[in-house]
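>>> just to be clear, the model below is a prediction. Sequence and coordinates:
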Amino acid sequence: MRIAVYAGSFDPLTNGHLDVVNRAAAVFDRLVFAVLVNPRKSEPIFATDVRLAVIREAVDESCPPEIAKRIDVQSFDGLTVEFCRRADAGFIVRGLRAISDFESELQMAHLNRKLEPSIDTVFLMTAIEHSYLSSSLVKEIALFGGDVSEMVPPAVARRLAERGPRL
Ligand code: PNS
C-alpha cells in the first residue's frame, strides 16, 4: 500500500491545500493529512483541535467520496519523517506554488531524505488559480476583518465568521 503524508500547519486550511490533497489522494492509496502542533509559530488563528475538526469537515464536504475515504486527518509533533515512520508512509507530499517556494522546499526535501533515506518527497504544482494563496496572508486578511471566503473551504469560512476579526 502506498501511504503518503501531507504535513503542514494549515492555520488556516486554504483552497490551495485542498486542491493538493484531492490530487495527491488520487495518486496514493492512503493520504495522512498531518497537522503540525507547531510551538515555533506563535498565536495560531485556530488551536490544533479546531484545525483538525475544520480539516475533517472540509474533506467530508469538499472532496469526492472516493477521495475522502482515502484521507485520514491526524496531528503530530516532532519530526515529519518520524511521523511518516509511525504512519508507515513512504512519501511526503508538498505543494509548489511558484519558483519562490522551490529553494526552501528543496532544502527540506534533501534534509528529510538525509534523516530518512527511505522516505521521498513528491511535489505537486498547486493549481494556478490558488497559486497566490498562503495561510499566513489569508490569516492576516481574516484577522483584519477582510473577506477570505473565496480563498478557503466553506468549513474554514464558517469558523472564521464564528470567531470574528481581531480588531
Ligand atoms: O505548512 P508549512 O508550515 O509550510 O509546513 C512545514 C512543515 C510542517 C512541513 C515543516 O515545518 C516540518 O516538517 N516540520 C516538522 C519538523 C521537521 O521535521 N523539521 C525538519 C524539516 S527538514
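Yep, it's here.
>>> secondary structure element holding residue 5?
Using DSSP states H and E, residue 5 sits within strand 3-8.
>>> show the average pLDDT along whichever helix or strand comes after that strand.
Downstream of strand 3-8, the first helix or strand assigned by DSSP H and E is helix 15-25. Averaged over helix 15-25, pLDDT sits at 96.
>>> cool, and stretch 42-54?
92.
>>> for that stretch, the distance to its chain's centre please.
Centre-to-centre, stretch 42-54 and its host chain are 12 Å apart (C-alpha atoms, centre = their mean, to the nearest Å).
>>> residues in contact with it?
The contact list for stretch 42-54, computed with C-beta atoms under 8 Å, 6 or more residues apart in numbering, reads 9-13, 35, 37-38, 73-75, 139, 142-143, 155-156, 159-160, 163. C-beta here means a position set from N, CA and C on the backbone, and glycine is covered the same way.
>>> SS state for residue 95?
The three-state label given to residue 95 by DSSP: H, G, I helix; E, B strand; the rest coil is strand.
>>> show me the contacts for it.
So residue 95 contacts 16-17, 19-20, 123-126 (C-beta under 8 Å, 6+ apart).
>>> just the closest of the residues you listed to the ligand, please.
Within the contacts of residue 95, proximity to the ligand (C-beta to the nearest ligand atom) peaks at residue 17, which comes in at 8.2 Å.
>>> so, low pLDDT: which residues of the chain?
Scanning the chain for pLDDT under 70 picks out the ranges 39, 41, 166-167.
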